[in-house]
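Undergrad: Fold the following, please.
(one chain, ligands or ions: 1)
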Amino acid sequence: MKSRIVLLGAPGSGKGTQAEMITRHFAISVTSTGTILRRERDLGTPLGLEADEISKQGGLVPDQIIVKLIEDWLNLHGQNGFVFDGFPRTVRQAERLNEILARLGKTLDLAIWLDVSQQTVRDRIAGRLQCRRCGFTTSLTSARFADRPVCPYCDGPLIRREDDDATVLQTRLAEFKAKTEPLLSFYEKDDALHRIDGNRDREAVFADISALIEERK
Ligand code: AMP
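TA: Numbers count the residues shown, from 1 in each chain. Presented below is the predicted three-dimensional model:
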């Protein structure tokens with residue numbers, strides 16, 4: 001399928017989980033700017049180390065760095081549609097994405113906004129385990145990983161993210177409110193916006209997302 005989708009929402013709203021379900025079910029390529037940045041950090045590149053200083057404190061990495069990552073990714077893998085998890089996070093990033101797509105003669109199909117309560121965010125972030133290598137996300141309470149915290153997809157280690165700490169989360173939520181929430185009106189204007197109740201379990205949320213994707217087939 002060639003759908004072009006962005007997944008938007010607060011930290012812990014389920015973007016990564018839904019992106020993974022979409023790619024498995026619909027075979028649409030997925031990328032996460034957060035995962036790319038963590039990979040760069042683990043490789044020790046200047047970009048990765050610079051971004052890590054910002055991410056560790058809960059801030060957003062500058063737009064021009066992020067847009068360049070996405071532009072490079074689109075040039076390499078973007079021919080058959082995409083799901084972006086965690087991009088865009090600012091109006092400037094969304095504007096630049098539209099410009100890049102316009103150059104390629106394409107438009108965005110769906111901007112899916114996962115609505116979650118503050119309580120859901122706190123609970124999910126406090127209990128989150130993530131694969132250090134590929135970004136697969138699960139919960140600390142998942143019995144399946146209790147004895148062997150190893151990623152079922154790539155064998156990477158499942159760890160608690162450094163920025164999932166309660167104090168850093170406060171900053172991430174403030175950044176989200178100030179810089180990412182304005183995307184609601186940005187995408188409402190474009191008629192691309194669909195809000196989904198993300199407080200429910202992953203299958204219920206995915207059923208709604210699937211219906212939106214199927215409608216556009
Ligand atoms: P995530 O894995 O999506 O929660 O992203 C982790 C961190 O990477 C964020 O808290 C930001 O510091 C940075 N980051 C990821 N995506 C973006 C983006 N689109 N714009 C700015 N910073 C980003």
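Undergrad: Could you use CA atoms for every contact and neighbour count after this?
TA: OK.
Undergrad: Run a quick neighbour tally on Arg38.
TA: 21 (other CA atoms under 10 Å).
Undergrad: Please apply the same query to the one 4 residues further on.
TA: Other residues lying near Asp42 total 14 when counted by other CA under 10 Å.
Undergrad: you'd agree it is up against Glu50?
TA: No - counting by CA atoms under 8 Å, Asp42 stays clear of Glu50, with 12.0 Å between them.
Undergrad: Find the least confident helix or strand in this structure, judged by mean pLDDT.
TA: Every helix and strand in the chain was compared by mean pLDDT, DSSP states H and E; the lowest is strand 137-139, with a mean of 90.
Undergrad: Now do that one: everything it contacts.
TA: Residues outside strand 137-139 that contact it (CA atoms under 8 Å, 6 or more residues apart in numbering) are Gly16, Thr17, Arg124, Gly127, Arg128, Leu129, Gln130, Cys131.
Undergrad: Over to stretch 26-45?
TA: 1-3, 16, 19-20, 22-23, 47-49, 51-52, 66, 69-70, 77-78, 80-87, 132-135.
Undergrad: So which of those residues are in strands?
TA: Among the contacts of stretch 26-45, the residues falling in strands (DSSP state E) are Phe82, Val83, Phe84, Asp85.
Undergrad: do stretch 18-29 and the ligand meet?
TA: No - Stretch 18-29 stays clear of the ligand (CA under 6 Å from any ligand atom), getting no nearer than 11.4 Å.
Undergrad: could you dump that stretch to PDB, C-alpha only?
TA: What follows is stretch 18-29, C-alpha atoms only, in PDB (Å, rounded to 0.1, in the frame of the first residue of the first chain):
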ATOM      1  CA  GLN A  18       0.500   1.500  16.300                       C
ATOM      2  CA  ALA A  19       3.300   2.200  13.800                       C
ATOM      3  CA  GLU A  20       4.600  -1.300  14.300                       C
ATOM      4  CA  MET A  21       1.000  -2.800  13.900                       C
ATOM      5  CA  ILE A  22       0.400  -0.700  10.700                       C
ATOM      6  CA  THR A  23       3.700  -1.800   9.100                       C
ATOM      7  CA  ARG A  24       3.000  -5.500   9.900                       C
ATOM      8  CA  HIS A  25      -0.600  -5.500   8.700                       C
ATOM      9  CA  PHE A  26      -0.400  -3.200   5.700                       C
ATOM     10  CA  ALA A  27       3.300  -3.500   4.800                       C
ATOM     11  CA  ILE A  28       3.800   0.300   4.800                       C
ATOM     12  CA  SER A  29       7.300   1.400   5.600                       C
END
